[in-house]
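Q: pasting the sequence and the predicted model now:
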Amino acid sequence: MFTFHTKISAAEAGPIAARLVLPYELREKCRLRATLDNGEDVAVFTTRGTVLRDGDLLTGEDRRVIAVVAAAEPTYKVTCADAHTLLRCAFHLGNRHTQAQVGDGFLRIRADAVLKEMLAGLGAVVVEESAAFEPESGAYGGGHGHHHDNHPLAPIPVRQKIHRPGDAA
């Protein structure tokens, strides 16, 4: 079984050999076994805290390149009559530590009947849809590394580097 372990830029990539279609829940795992769209079983090993985003490119020892594709999954699209109500909905979702995708005039969350009822009670229109889920990565870029993790299993992507107060400027 071939292992993919390094995110690369489009400039570094050769031709795309296959696509790895995954829902968000699996794209945030650092270790997983998956099947490419060509039927090949592969392993994916990334640094803890790495989130694979739609369009990311991965490679491994033989330099083949695969493209990550966000799978459609059950979500709710949340819209409101005005920006204030949408902001209140975002606040209450954040207060419940709910992952949310922020779009132009909408929020998207994973399907959850309790949250749907809460949002409707706040005045939102909540519509079920099957869509790719790409939540915000958080204030610190989504990384969950620790200061004592000196030997990562794969290179830490630049865009996921977390600034810590003790870091050099």
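A: Received the coordinates, thanks. Numbering: from 1, shown residues only.

Q: before we move on, which element is the residue lying closest to Leu107 once chain neighbours are set aside in?
A: What sits nearest to Leu107 in space, not counting adjacent residues and going by Cβ to Cβ, 6 or more residues apart in numbering, is Val78, at 4.2 Å. Yep, even glycine has a C-beta here, placed from its N, CA and C like the rest. Here Val78, judged by DSSP states H and E, is contained in strand 72-79.

Q: in its sheet, which strands sit next to that strand, and in what direction?
A: According to DSSP bridges, strand 72-79 forms sheet pairs with strand 106-110 (antiparallel), strand 125-132 (antiparallel).

Q: would you mind putting those strands into a markdown table with mean pLDDT and mean neighbour count alongside?
A: As requested, the strands paired with strand 72-79 are exported to a markdown table (pLDDT from 0 to 100; neighbours: other Cβ atoms under 10 Å):
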| stretch | mean pLDDT | mean neighbour count |
| --- | --- | --- |
| strand 106-110 | 97 | 20 |
| strand 125-132 | 98 | 14 |
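
Q: out of those, which is closest to Pro15?
A: The closest of the strands paired with strand 72-79 to Pro15 is strand 125-132. By Cβ to Cβ, the value is 23.6 Å.

Q: mind listing residues that contact that closest one?
A: Strand 125-132 has contacts (Cβ atoms under 8 Å, 6 or more residues apart in numbering) with 54, 70-80, 108, 111, 116, 119-120.

Q: check stretch 104-114 too.
A: Residues contacting stretch 104-114 (Cβ under 8 Å, 6+ apart): 24, 73-79, 86, 89-90, 93, 98-101, 115, 128, 131, 133, 135.

Q: part of a strand, is His84?
A: No - going by DSSP: H, G, I helix; E, B strand; the rest coil, the assignment for His84 is helix, not a strand.

Q: what number of residues lie near it?
A: 10 (other Cβ atoms under 10 Å).

Q: same thing with Met118?
A: 17.

Q: before we move on, the earlier item: would TSV of the strands paired with strand 72-79 with distance to Ala43 be doable?
A: TSV is the format used below for the strands paired with strand 72-79 (distance: least, Cβ to Cβ, whole Å):
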stretch	distance to Ala43
strand 106-110	26
strand 125-132	23
